[in-house]
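Q: generate coordinates for the sequence data below:
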Amino acid sequence: MSDSMAIMRRTQDMTNRKKQVYAWAMIDWANSSFAIVVMTAFFPAMFKQVWARDLSAIDSTFMLSLFNSASSLAIALLAPILGSIADQGNAKKRFLTVFTLLGVLASGLLPMAGEGQYMLAGCLYALGALGFSGNNTFYDALITDVSEARDFDRVSALGYSLGYLGGGLLFMVNLLMVSQPERFGLSGKGQAVDFAFIMTAAWWAIFTIPALLWIHETPAVPAVGGGGSVLTRGFKQLAETFREIKQLKQVVLYLAAYMLYIDAVNTVIKMAVDYGLSIGLQDKDLMTALLLTQFIGFPAAILFGRLGERWGAKAGITLAILVYMGICGFAYRMTTSREFFVMALVVGLVQGGIQSLSRSYFARLIPAERSGEFFGFYNMLGKFAAVIGPTLMGVTAKLTGNSRMSILSLLLLFGTGLSLLFKVKETRA
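A: Have a look, this model is predicted:
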């Protein structure tokens with residue numbers, strides 16, 4: 001009887017674990033709607049063609065870079081302390097909820113911005129991007145609550161693959177709305193884009209609900225010195241980490257590498273449409289290419305997860321960086337929409353892979369009970385670096401008077417990040 005009860009209990013535990021893993025992965029399905037529909041596709045196009053139409057192509061690129069950088073700087077400053085507080089107060093899900101609501105509200109309010117109102121549009125976008133980044137910080141941190149270390153590569157890849165699929169499905173519907181608005185009872189392309197922003201907000205909110213209901217956080221480990229409020233304990237934990245930093249050489253080295261190469265990756269994501277428009281490509285072709293990237297990214301992320309399990313996450317990350325460096329050189333010489341399609345296909349093959357393996361590799365290096373804080377640092381450096389990438393592209397374009405030169409500036413970030421990654425050894429803190 002006792003053996004039967006034990007088997008039933010283990011079966012129930014496995015069922016609950018799978019349920020939590022899929023609920024966690026659905027966060028990516030939910031928030032990827034903002035990443036592809038707003039951040040990568042429609043906002044840059046609307047910003048350049050409608051909201052900032054009175055600015056030159058180079059000046060609009062520069063302003064878009066500044067709004068991206070502002071949101072990245074804000075989360076960079078907030079993430080570590082919020083992560084520490086979340087660890088001490090078992091509050092990762094609560095912070096996830098707060099940042100989700102911020103992103104949802106900002107996305108839903110974007111249709112308020114009228115023609116020429118690039119400051120209002122940019123501020124709403126920056127708030128939405130802040131919500132997206134904060135949401136991702138605590139989503140990443142929850143991987144240690146829903147999965148064991150041996151499964152990190154597979155579980156991380158599942159999240160990114162569902163993200164590409166979910167975001168791609170919504171984006172496909174939105175593209176149909178924009179290309180054939182009359183079939184949806186809409187007055188034109190502008191109204192279709194407004195509805196795309198509203199649908200993104202609803203999609204993000206609805207598909208985050210399973211995670212809020214089913215994920216259970218691991219009980220907090222009290223900070224050194226104990227006692228006090230959650231805020232006090234959070235600051236104590238953060239202070240303790242800074243005191244221990246010399247003993248965390250591999251973590252620090254990896255974070256430095258990650259900060260550089262992931263900044264270049266995120267800059268490619270955020271600035272691809274703007275770059276294509278700046279060199280004279282048609283927005284319709286650019287949007288179709290982005291849709292291609294989403295659906296290629298779905299199986300490619302899973303494939304990279306398997307690659308990480310077989311060859312190691314570090315090898316997979318290295319391969320992806322080398323491919324990205326080739327992409328930058330290809331983009332510099334690109335002149336046709338067909339070439340943009342080729343570039344989008346190759347990006348789709350490696351984008352989800354480098355993101356998922358970076359997360360799972362870092363999860364192996366850190367103490368699981370302090371994942372909120374360490375993923376706070378992880379996202380802090382990723383977002384702080386994101387101040388550099390878009391700004392570097394914008395400044396390069398402005399100084400050279402040549403938008404094509406801006407893409408080559410990312411080679412500096414990819415190359416330096418790769419050289420630091422070679423020095424990292426996988427040892428848990």
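Q: any idea which helix or strand of this structure has the worst average confidence?
A: helix 230-244 (a mean of 62; mean pLDDT, DSSP states H and E).
Q: host element of the spatially closest residue to Asn31 that is not a sequence neighbour?
A: Nearest non-adjacent residue to Asn31, counting by Cβ to Cβ, 6 or more residues apart in numbering: Asn135, 5.3 Å away. (C-beta placed from N, C-alpha, C; glycine too.) If you go by DSSP states H and E, Asn135 is part of helix 118-141.
Q: whichever helix or strand comes after that helix packs against which elements?
A: Next helix or strand after helix 118-141 toward the C-terminus (DSSP H and E): helix 143-146. If you count contacts as 3 or more Cβ pairs under 8 Å, 6 or more residues apart in numbering; DSSP states H and E, helix 143-146 packs onto helix 2-33, helix 152-179, helix 337-365, helix 371-385.
Q: now do the helices in the stretch 201-350 of the chain.
A: Secondary structure of the stretch 201-350 of the chain (DSSP state H, counting those that start in this stretch): helices at 230-244, 249-278, 283-311, 313-333, 337-365.
Q: of these, which is nearest Lys189?
A: Lys189 lies closest, by Cβ to Cβ, to one member of these: helix 283-311, at 9.9 Å.
Q: quick check: which helices or strands does that closest one pack against?
A: Helix 283-311 is packed against helix 43-46, helix 152-179, helix 249-278, helix 313-333, helix 337-365, with contacts defined by 3+ Cβ pairs under 8 Å, 6+ apart.
Q: which strands and helices sit next to the last one?
A: Translated: helix 337-365. Counting contacts by 3+ Cβ pairs under 8 Å, 6+ apart, helix 337-365 packs against helix 143-146, helix 152-179, helix 249-278, helix 283-311, helix 313-333, helix 371-385.
Q: what's the angle between the fourth one and helix 313-333?
A: Orientation of helix 283-311 against helix 313-333 (axes from the mean of the first three to the mean of the last three Cα atoms, to 10 degrees) gives an angle of 160 degrees.
Q: now do the buried residues in helix 283-311.
A: Of all the residues in helix 283-311, those buried under the rule 16 or more other Cβ atoms under 10 Å are 283, 285-298, 300-305, 307-309.
Q: hmm, back to that, burial-wise, tell me which of the helices and strands packed on helix 337-365 comes out on top.
A: Mean neighbour count (mean count of other Cβ atoms under 10 Å) peaks for helix 371-385 among those, with a mean of 27.
Q: now it: average pLDDT?
A: Averaged over helix 371-385, pLDDT sits at 67.
Q: following it in sequence, what is the next regular element?
A: Per DSSP H and E, the first helix or strand lying C-terminal to helix 371-385 is helix 388-400.
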